[in-house]
Every structure is written in C-alpha cells, then in structure tokens.
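Peer 1: Sequence plus predicted model, see below.
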Amino acid sequence: MKREKKAPLYKSFGYAFSGIASCIIKERNIKIHLVFTFFVVAAGLFFRISPTEWCICLILFGLILSLELINTSIESVVDLVTEERKPLAKLAKDTAAGAVLLSACMASIIGCIIFLPKIFRLFM
C-alpha cells in the first residue's frame with residue numbers, strides 16, 4: 001500500500017489559517033468570544049495585569065477559541081453525515097457546545113478573580 005505524500009508544511013499552516021478564518025466569518029459564537037477577548041486584553045492593558053495573569057488569560061483565550069473551532073468542526077461533520085434528527089447527532093452537537101460553554105463560564109469566573117479586585121480598587 002502506497003503512502004500518500006503529505007502537503008508541505010507551509011500548506012498545512014495555510015489550511016489551518018483558512019479553517020480559523022472560515023470559522024470567524026461563518027460562526028456567530030466565535031465572533032462573540034473574540035469581542036470578549038478584545039475587552040479582556042484592553043482591561044489587562046488598562047489594569048497592567050501581571051505576567052502570570054497575562055499567561056492565565058492567554059491560556060483561557062486559546063482554550064475557548066480552540067474549543068469553539070472544534071465545536072464548529074463537530075457540528076459540520078454531523079451535518080455532513082446526516083440531515084435527519086438523530087439522538088446521537090444531537091448528543092455530539094450538544095456536548096461539543098457544552099464544552100465551549102463550560103470553558104467560557106470557568107474563564108468568566110477566573111476573569112472575575114483577576115479583574116474584580118482591580119475594579120474595586122478604582123472606586124475605593
């Protein structure tokens with residue numbers, strides 16, 4: 001059996017960037033996450049958060065945006081495989097969306113832990 005030759009590395013990066021761009025263009029939820037990412041970055045700059053806090057924020061940005069990309073890919077594959085309403089298709093789509101929601105909720109809690117004390121200090 002002959003192995004198929006892999007695409008050059010630069011093409012692999014191109015495919016990845018194309019996937020990210022497609023998701024941003026077509027999916028509402030990733031746009032919402034990107035808006036919140038922008039606000040967190042602005043707040044981080046304003047409050048001059050520590051390098052450790054920046055690392056935490058960057059990890060959370062990567063986690064949520066990556067999970068949104070995975071969620072979109074799972075939904076696309078399920079839609080490709082079946083147009084019928086099937087319990088397993090619903091389970092796959094709902095659990096992928098749940099993973100994004102769970103990570104976004106945890107990120108919000110962590111954001112409050114990082115930023116609320118700084119916001120309160122502004123008014124004290």
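Peer 2: Great, that's in hand.
Peer 1: When you work out contacts or count neighbours from here on, use the C-alpha atoms and nothing else.
Peer 2: Will do.
Peer 1: helices or strands up against the longest helix that the chain contains?
Peer 2: As assigned by DSSP state H, the longest helix anywhere in the chain is helix 87-123. Helix 87-123 sits against helix 51-81, with contacts defined as 3 or more CA pairs under 8 Å, 6 or more residues apart in numbering; DSSP states H and E.
Peer 1: circling back to that earlier point, state the mean pLDDT of the longest helix of the chain.
Peer 2: The pLDDT scores in helix 87-123 average 96.
Peer 1: center of this protein - which residue?
Peer 2: Of all residues in the chain, the one closest to the mean position by CA atoms, centre = their mean is Leu65, 1.3 Å from it.
Peer 1: That one reaches His33, doesn't it?
Peer 2: Yes - in this structure, Leu65 is within contact of His33 by CA atoms under 8 Å, at 7.1 Å.
Peer 1: just to revisit the earlier point, show the model's pLDDT score for the residue nearest to the centre of the chain.
Peer 2: 97.
Peer 1: for it, what are its contacts?
Peer 2: Taking CA atoms under 8 Å, 6 or more residues apart in numbering as the criterion, Leu65 is in contact with Ile30, His33.
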